[in-house]
Every structure is written in C-alpha cells, then in structure tokens.
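A.B. asks: model this:
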Amino acid sequence: MYMLPSSMKPRLTDSAVQFLGQQNITNAYVSGMKESLHANGNELNYFEVSYNTAYVAGQIPLMALQTKPKIAPHLLPCLQIVWAVIAFCQSLVTKSWHLYLCRVITGFLEASSFGGTHLISEFYPPLTIGLVPREANIAPVGSWFKNEEVFKRAGVWFMGNSLGSMFSGYLQAAIYDNLNGVGGRTGWQWLFVVQGIITLPIAFIGFVSWPGLPSSPKPWFFTEEEFRIASTRIRTVEQKGITWSTFKYTLSRPMWWICVPCYVCMIQAHYWTGYMALWLRSSGYTVTLVNILPTFIDLLRAICSWLGTTLAGSLSLRGLWTFQSVPATFAMIVLAVWTVPDGMKFVAFYCGGFTGMASPILYSWVNLTLKESYGERGLVISSMMTFGYAFRIWVPLFTFPTVEAPRYPHGYPATVAFQVAMYGLLMFGVWYMKRWKLMHDDLEARIVDVEEEVQQEGSSGESERGGKDVGQVKNVSVVQTT
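C.D. replies: Got it, this is the predicted structure:
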C-alpha cells in the first residue's frame, strides 16, 4: 500500500466491495439459498434481471450527479451506507420476492460506483500524500497523465473487481463450514451479514478519503499546493459536467457509436465466466469446492488486469486487445463444443480469466481519447454501462437460462459471435479515431493551448517561489552577520 497512490487506495477497496455484492448472489445460490427460498426454474436469472434493471435505471441520473463538484465527494459513500443496510436485509429474506426487492435497491445504489470511480480518479495525480517528502509531491507541476498511468489506474480498479469476486468465494466457503446453523442462520444468510459488516466502515472511510472532482472543494488531505497541482495538471476544454447540450454534442461524435456497441458485446461475450459453479454443482462437487474452485478464474483475471495495464506502456493497444482475445475465444469454442474431457473444461473456464484484460483496455482508451471533456466522457461511460446492462437484462434469458445449465447449448455459441464483434469494434475504433482527430485538429489545438497555459502557470509559480526563497536566504544571512 505504501507504493499505491493515495487516490488509488479507495478505488481498489471500493471496486472489491462492489463486485463482492455482484458475485455473492451466485455463491449464495449454490450454497443453500436455492433450497431455502424454493428458487427453482430460472429464478437465478430473475434475481440478476432485477439487479440489472435497477442498475441500468440509475446509470445516467447518478452519473449526472457525480459530475457536480459539490456532490461528487459524498455521493458514493452515502450510497454505500444504504447498500450495507440492504445487505443486512438480504440475510432476512424468506421468499423470492423479498430478494427481488433487495436486488432492485442494491442495483440502483451500485449504478454510479463503476462509472463514478473511473470519472473521478482519472483526474488525480499519483501523489502519495503523507508518505514521501513534499518536494517529491511538487515534482509533477505542469505534467499530464502518461498513457501508462491511466492504464495502470484502470488496472487497479479491475483487479479490485476480481479480488472482490474471489474473496466472495472464499468467504462463502469459510462461512458455510464455520457459521452454517449458528444463531439459527444458514451459511448463505451469514454471507450477506458479513458483507454488510465489511462495507459499513469502508463507506465511512470514503467520506474522508474520496477526493471528488478537481473543481470540488479541497479535500482535507491535500495542502493548498498539492490541490493546485492536482487541479491543474489535467485541464479540460469543458468542465460543466453532463448537461442537455452534452447529449447532442456526444451523439454527433463517433466515440459513443463505437464504445457503446463494443461494451454491449463485451458484456454478452464474458457473461459465461461466472457460471463455472453451476457446472461443478451438477458434477457432484462439495459446496466448499463449488465456492473455491471458480475463484482461480478471478485470480487469473486479477493477474491479467495487472499484466495488461503494465504492458500498455510498451505494447500497442491493438496488440494487447489481440493478446487477451485469443485465449478467451479458445475457451468459448471449447465450451460451445462441450463434449470434451472435464480437464479440458477446467482449462477453458480458467482461460476465462484472460477476459479481465478487456475492460481496463477499453475504459482506459475511452479516458485517453476523451480527455478534453469529462461531460462527454461521463456520458459515454454511463451509456456504455446503461446499454451494456440493458441488454444483460434480457439476452441471457435466451442464451443462458438456468434450466439449460450447465450445458447452455445456445449460450456458449452466442458468446463466440459476441467476442468476434467486440474485437472488431475496438480494432476499428482505434484505427478510425486516430484519423478522425487528424480531421478535427481544431479541438486538439484547443487542448494544446490549455496545456501551454498550465505550463506557463507552473513556470511562473516556480519563479515566484524561487524569488521568495532567495529573499528568505538573504534575510537569514543578514541576521547571522549582525
């Protein structure tokens, strides 16, 4: 943690908690919840539909709030507190419709977590506040995020996603072995209780650690000088956030039309990676192994997130995109065939971990390409989430219905098609946007002008400080001479 930038620590923790909340429904389902709630048929699909529907509904309105400077520092911590309370409520449900209601509220509360952390934390410089000398913190005056910095910060978030999912499996296995039946609660009920206990202190920490936007009030952990550096090293042409004019402006540019379909395909192509547990359960594995064995997918996904973002500085984006696509596509083809030895199925499911490299690459590319306008960036990101999860609401009912588990004869072949489309869209987008920006160099010229302005401000600030330092030295020498 010493080496992690201060703005990345809450990001890693928040992402882990968020994905813990998404994954635990599957862990609970295979650990006794199905029998307790008599959740037969496609009930697992419907639990996810209720969550995803609210998740979609909350995307754009909560992201719009997240772009407001005075609201941004407090929105996510407030939502997390309510989210923790709902986690406790999920441990008390006795009927399926109770859980539907809880999942709807949970989905809405989580809606801005993903896009909000991407929107906010890409702004702040890699300052390790309080852990290194102040002189080191002043060094980046007038500098900008390098490409590899943005990729690494995205990697931290997605590593947190995978670690949260992995932790959910270990947590459910430990709870089932040690707490099942304690206090009259089953193991799956204790999972939600422990989740709420973990979340509450993290939510309160967010009130003192989450920085908000550069235009938000100064966080307490920044000095005036550090806040000036953090606010000026990334200047944007537009700083009003999401307004009605943002919609017209964004839809007239190509990024929305490239990124949204790409993310829709990504969500569908990678949907299967959470269903290894259903295959293990149908094959007669113990509840403990059903919860533990799929965690190796999450471990590999976390490693791939780190690997992809680390290699981003030395390899081309298109090369990385191809690197992650090959093993993932291989896995989908194997599972589509299905009539292979169990050992090959294990290899295929674990190759699903390579999908962890895809989202960091895509979202980092969005942040880099749209660095001039966080209103447009916020709208593109929230639209990606909105449409991605809107399709996730209904498409899996046809491709991955629970009654077809674990074979999914329609689901795995469909993922191959979505994977090919996702790959082609981003490859085209990278190629096209380079040429599009060359044809619209007026916008880039505005960015260059702002960069030069920041550099001039930084130079003048250093000169003023230098003059003051000289004056102070002269005064000291006079006193000593006297």
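
A.B. asks: Go through whichever helix or strand residue 257 is part of and flag the buried ones.
C.D. replies: Secondary structure assigned from DSSP states H and E places residue 257 in helix 254-269. Of the residues in helix 254-269, 255-256, 258-269 count as buried by neighbour count, 16 or more other CB atoms under 10 Å. From N, CA and C alone the C-beta is placed, and that goes for glycine too.

A.B. asks: And that helix, how far out from the chain middle?
C.D. replies: Its chain's C-alpha centre and that of helix 254-269 lie 16 Å apart, by CA atoms, centre = their mean, to the nearest Å.

A.B. asks: can you check stretch 49-67 too?
C.D. replies: 14 Å.

A.B. asks: And stretch 293-304, by the same measure?
C.D. replies: Centre to centre, stretch against its chain (CA atoms, centre = their mean), the figure for stretch 293-304 is 16 Å.

A.B. asks: Name the residues that touch it?
C.D. replies: Stretch 293-304 is touched from outside by 158-159, 161-163, 165-166, 169-170, 273-274, 276-277, 280, 285, 324, 349-350, 352-357, with contacts defined as CB atoms under 8 Å, 6 or more residues apart in numbering.

A.B. asks: ChimeraX command for the buried members of these?
C.D. replies: Command for ChimeraX, covering only those of the contacts of stretch 293-304 found buried under the criterion 16+ other CB under 10 Å:
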select :158,159,161,162,163,165,166,169,273,274,276,277,280,285,324,349,350,352,353,354,355,356,357
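
A.B. asks: Go through the contacts of stretch 293-304 and flag which are in helices.
C.D. replies: Judged by DSSP state H, the subset of those located in helices is 158-159, 161-163, 165-166, 169-170, 276-277, 280, 324, 349-350.

A.B. asks: Let me know the closest of the residues you listed to residue 334.
C.D. replies: In terms of CB to CB, no member of these lies closer to residue 334 than residue 349, at 9.2 Å.

A.B. asks: Surely that closest one touches residue 330?
C.D. replies: No. Contact between residue 349 and residue 330 fails when scored by CB atoms under 8 Å: they sit 11.8 Å apart.

A.B. asks: what about the most centrally placed residue in the chain, distance to residue 267?
C.D. replies: Residue closest to the average C-alpha location in the chain (CA atoms, centre = their mean): residue 114, at 4.5 Å. As for residue 114, its distance to residue 267 is 12 Å (criterion: CB to CB, to the nearest Å).

A.B. asks: In the stretch 301-450 of the chain, mark out all the helices, start to finish.
C.D. replies: Taking DSSP state H, counting those that start in this stretch as the test, the helices found in the stretch 301-450 of the chain are 317-337, 342-351, 358-369, 374-399, 411-439, 441-481.

A.B. asks: Which positions in the second one come out as buried?
C.D. replies: Neighbour-count burial for helix 342-351, with 16+ other CB under 10 Å as criterion, is recorded at 345, 348, 349, 350, 351.

A.B. asks: Would you format those as TSV with pLDDT included?
C.D. replies: Rendered in TSV, the data for the buried residues of helix 342-351 read as follows (pLDDT from 0 to 100):
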residue	pLDDT
345	96
348	96
349	96
350	95
351	94
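
A.B. asks: For these, please prepare JSON lines with the additional fields distance to residue 439.
C.D. replies: Formatted as JSON lines, those follow (distance: CB to CB, whole Å):
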{"residue": "345", "distance to residue 439": "48"}
{"residue": "348", "distance to residue 439": "43"}
{"residue": "349", "distance to residue 439": "44"}
{"residue": "350", "distance to residue 439": "44"}
{"residue": "351", "distance to residue 439": "40"}
